[in-house]
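*Asks:* Task: produce atomic coordinates for the following.
(chains A and B)
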Amino acid sequence: GAVVSQHPSWVICKSGTSVKIECRSLDFQATTMFWYRQFPKQSLMLMATSNEGSKATYEQGVEKDKFLINHASLTLSTLTVTSAHPEDSSFYICSAQQRGGYEQYFGPGTRLTVT
Amino acid sequence: ILNVEQSPQSLHVQEGDSTNFTCSFPSSNFYALHWYRWETAKSPEALFVMTLNGDEKKKGRISATLNTKEGYSYLYIKGSQPEDSATYLCAFISGGYNKLIFGAGTRLAVHP
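*Replies:* Okay, the predicted model is just below:
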């Protein structure tokens, strides 16, 4: 139980294009989803928290117009990196949380490379 | 700024060795500490959620302890096996906030 998938697992895109990453909870309803980013040899850093049907709450220093988050259903959240630049190249990973729960269940992550 | 430190950064041990690593976190306003095991190309897997000072939890050969007053947790692996090779992450939750603050992890390699 508590499986979270992410798609794609890796993506290469050209500078200036946009990329969408999907995060799905497969066997439970996720009222809250989290998006993290990890640069090499660094910690997972929380980018934003989204509650189903609400606007995402972004962490300090994360541009909300650049990283668009949509959590339109209880099983799907998407992260769109708009006008990607090489410095956006990173590992992006999502997690999902059930209503009233404290555990976060993670997806396997997406490696984004912007050329 | 809340900071979570893990040491060592990486560790190489022989099969059968016992090992342990450390997670340090702010001792004030503690709510919970999570341990995750993360194998390459897979999702991080929750090992333990620890909330009480003095907590000690065990799952098979892996155990963890918690000291909230001094702000540290230890993860122990008894009789390491090659399948224990993974990155072990700890994450701290401060009271009143529903968000995990991660350490950079300890990468464990167990050699046959």
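
*Asks:* near chain A, which residues of chain B show up?
*Replies:* For chain B, the residues found near chain A under the criterion Cβ under 8 Å from any Cβ of the partner chain are B:4, B:9, B:32, B:34, B:36, B:41-44, B:46, B:49, B:89, B:91, B:93, B:98-105. Backbone N, C-alpha and C define where each C-beta goes, glycine included.

*Asks:* tell me the contacts of residue A:35?
*Replies:* Counting by Cβ atoms under 8 Å, 6 or more residues apart in numbering or on different chains, residue A:35 touches A:23, A:46-48, A:50, A:67, A:69, A:77, A:79, A:92-94.

*Asks:* 7 Å - rerun?
*Replies:* Contacts for residue A:35 (Cβ atoms under 7 Å, 6 or more residues apart in numbering or on different chains) come out as A:47-48, A:69, A:79, A:92, A:94.

*Asks:* quick one: which of those residues sit in strands?
*Replies:* Residues of the contacts of residue A:35 located in strands (DSSP state E): A:47-48, A:69, A:79, A:92, A:94.

*Asks:* Which PyMOL command selects the buried ones in the contacts of residue A:35?
*Replies:* In PyMOL syntax, the buried subset of the contacts of residue A:35 is picked out as below (16 or more other Cβ atoms under 10 Å in any protein chain shown):
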select buried, chain A and resi 47+48+69+79+92+94
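
*Asks:* Quick check: which ranges of chain B have low pLDDT?
*Replies:* Of all residues in chain B, those with pLDDT under 70 make up the ranges B:1.

*Asks:* With the flanking residues excluded, which residue is spatially nearest to residue A:105?
*Replies:* Residue nearest to residue A:105 in three dimensions, not counting chain neighbours: residue A:2, with 4.4 Å by Cβ to Cβ, 6 or more residues apart in numbering or on different chains.

*Asks:* my guess is that neighbour contacts residue A:30, does it?
*Replies:* No. Using Cβ atoms under 7 Å, residue A:2 makes no contact with residue A:30, being 9.7 Å away.

*Asks:* between these two, which one's more packed in?
*Replies:* Relative neighbour count places residue A:30 above the other of residue A:2 and residue A:30, with 30 against 18, counting by other Cβ atoms under 10 Å in any protein chain shown.

*Asks:* Torsion angles phi and psi at the more buried one?
*Replies:* The phi/psi pair for residue A:30 (degrees, to the nearest 10) reads phi -100, psi 100.
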